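# take a look and give me a structure for this.
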Amino acid sequence: MRIILPTKGLSRHPGAVHSSSAAGTGTVVPAGFTNYAAPGGLPNVNYAGEPSIGANWKSGATMFQANVSTYKAVFDDSTSPATAIWSDVSASGDNGCAVGSLLSLDPILWTDHTTGRTIESQLTGVDSLSCTTDDDGATWQPSMGGGIPSGVDHQSIGGGPFAASLVDPFRPYPNIVYYCSQDLATAFCASSLDGGTTFGAGVPTYSGLDCGGLHGRIKVGPDGTAYLPNKACGDAQAVVVSRDNGLTWTVQHVPDTTRGANDPAVAVGANNTVYFGYVGADGKPGVAVSHDHGQSWTGRQIVGGEYGIQNAVFPTMVAGDDDRAAYSWIGTPTGGNFQDTANFKGEWHLYVTTTYDGGATWHTTDATPNDPVQRGSICVTGTSCGGDRNLYDFIDSTIDSHGRIEVGYADGCIGACVTDPTHTSGTGPGDARAAWATIARQSSGFPLFSAYDPAAANVTVSSLAVVKNATGQFVATIALGNTGATPLSGLGLQLLDGTKQVYATSLSLAPGAFTTVTATWKASGGSHTVKAIADPQNLVAESDETDNSATFTVGAR
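Purely as a prediction, here's the structure:
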């Protein structure tokens, strides 16, 4: 919990945009990202700890909430990478809801993908000041804020389809909306039937005998089941589940997990597969999957091993197709006590771990390879922290209508901090560390909706010719191209004379691009069978795997 007051915007973040891409592995092309820092002219742009993000599938806008400010980002995908236009659409008396940006103990935002409604909430203690918008912040309407009773901290808003009920409720809004908050030992969730304008009574979801008070963001599956994740239910982490529109709740433990320092996250696929992302007591990010509303769990595994991750914070999850989900988190390969301000020297990045096979395998991408999110320590123990709590306690993620992953986070390393490890604080307000409003948006790889998968790449070795030059060397000319629609980076090319490799290189090919490669090696007598092979390790998922090679025979002389 913290008190937030409106402040002026600061100078523009000097490291505004950077991007990365991930090469294919087997038949999977993991997600790559471009990062978009909010313009410096926006209010509170460098006070963006604990952001929320939501995507309006009707308008295409992305909504971003931090502090007492609400931003709208619109992405233009006619260019590559896409460009973004940000604007301040905060609720105020001028646009219909005066309570929307007065003060806050905690901000939160949720966007209903299907209806386009966004709800922004500013915690006041045992309730919230709240506003709703159906036009991406052009106008706002006051909301009741939450249920009575409610908790004093860490509110969450979410929603989705109604669960089947014996009594069909009057439904002035097509989806149910929940307001959940914790009250130190217990937590309450209240439901709204009118899209978050009014709420019913708060219902206890668990007691202090079941779980610790703090919980993550509530999510609702396609069948109306509601899930509230918790980091400390006995000796394990758990989801607290309601299948009756919030009337009753059941704690479902995730076996073999350990209590963590960060709220876990949950996401639900299109056919109700449940994905759980957490950080255990060992500081490492993990995942698990349930096919029965959290009653049992499979596929529990640690992720981030590709980068040697030893510490992680701020889990957030989102799902699309039933077998596709993304787990985002901030992590570092540096081990040890990451809250030791004086001695911890880790470099933290934003990582996104995706599955495209229902959680059997996961693929991790460094979404900020050239710009750390933080240097040094990150404190997650609340208001007793020092200056290293600039990012506060969580980040958030969503997907757009095409299944692109979008992660809202605060960048705590800007200015000289980006390239100089001795600069840990960046350029924050006064002497504080930075917390710049930023969105990492998927710009390559498979999205979470297979209907929008990029066309497969296709490597073609169109010709191979070998001659013997005047100095007695063999000279091979290889023509190859990418006849698919996916860019190729680090494409391998190998040349064999019989069974002996005489040349190898790697290159990049844009969609539709062709190139010619020349290789020279020492000749010998007799007949030679020369073979050129593109993608020799079969790392690229292709629409046609049969045209990757060509053979040429040089006769005896």
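# can you list the low-confidence ranges for the stretch 401-550 of the chain?
Along the stretch 401-550 of the chain, the model assigns pLDDT under 70 to residues 425-431.
# how about the strands of it, start to end?
405-411, 436-444, 459-468, 473-482, 488-497, 500-509, 514-522, 528-534, 549-554 (DSSP state E, counting those that start in this stretch).
# and residue 229, which helix or strand is it part of?
Per DSSP states H and E, residue 229 falls inside strand 226-233.
# now for that strand, which elements pack on it?
In terms of contacts (3 or more CB pairs under 8 Å, 6 or more residues apart in numbering; DSSP states H and E), strand 226-233 is packed against strand 153-160, strand 186-192, strand 203-206, strand 219-220, strand 236-242, strand 250-254, strand 265-268, strand 274-279. C-betas here are computed from N, CA, C, even on glycine.
# can you lay out the ones you listed as JSON lines showing distance to residue 483 and mean pLDDT?
Conversion of these to JSON lines gives the following (distance: least, CB to CB, whole Å; pLDDT from 0 to 100):
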{"stretch": "strand 153-160", "distance to residue 483": "42", "mean pLDDT": "93"}
{"stretch": "strand 186-192", "distance to residue 483": "52", "mean pLDDT": "94"}
{"stretch": "strand 203-206", "distance to residue 483": "55", "mean pLDDT": "96"}
{"stretch": "strand 219-220", "distance to residue 483": "41", "mean pLDDT": "98"}
{"stretch": "strand 236-242", "distance to residue 483": "46", "mean pLDDT": "98"}
{"stretch": "strand 250-254", "distance to residue 483": "45", "mean pLDDT": "98"}
{"stretch": "strand 265-268", "distance to residue 483": "36", "mean pLDDT": "98"}
{"stretch": "strand 274-279", "distance to residue 483": "35", "mean pLDDT": "98"}
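# make TSV out of those and add mean neighbour count.
TSV is the format used below for the helices and strands packed on strand 226-233 (neighbours: other CB atoms under 10 Å):
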stretch	mean neighbour count
strand 153-160	24
strand 186-192	24
strand 203-206	21
strand 219-220	24
strand 236-242	25
strand 250-254	20
strand 265-268	27
strand 274-279	28
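# a markdown table please, covering the ones you listed and showing distance to residue 338.
Shown next, in a markdown table, are the helices and strands packed on strand 226-233 (distance: least, CB to CB, whole Å):
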| stretch | distance to residue 338 |
| --- | --- |
| strand 153-160 | 21 |
| strand 186-192 | 27 |
| strand 203-206 | 28 |
| strand 219-220 | 27 |
| strand 236-242 | 19 |
| strand 250-254 | 23 |
| strand 265-268 | 19 |
| strand 274-279 | 11 |
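# ok, back up a step: CA atoms of the strand holding residue 229 as CSV?
Only the C-alpha atoms of strand 226-233 are listed here, as CSV (Å, rounded to 0.1, in the frame of the first residue of the first chain):
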residue,chain,number,x,y,z
ALA,A,226,-13.2,-17.5,-11.2
TYR,A,227,-9.6,-18.0,-10.0
LEU,A,228,-7.8,-15.9,-7.3
PRO,A,229,-4.1,-16.9,-7.0
ASN,A,230,-2.3,-16.8,-3.6
LYS,A,231,1.3,-17.1,-2.7
ALA,A,232,1.0,-18.6,0.7
CYS,A,233,-1.8,-21.2,1.5
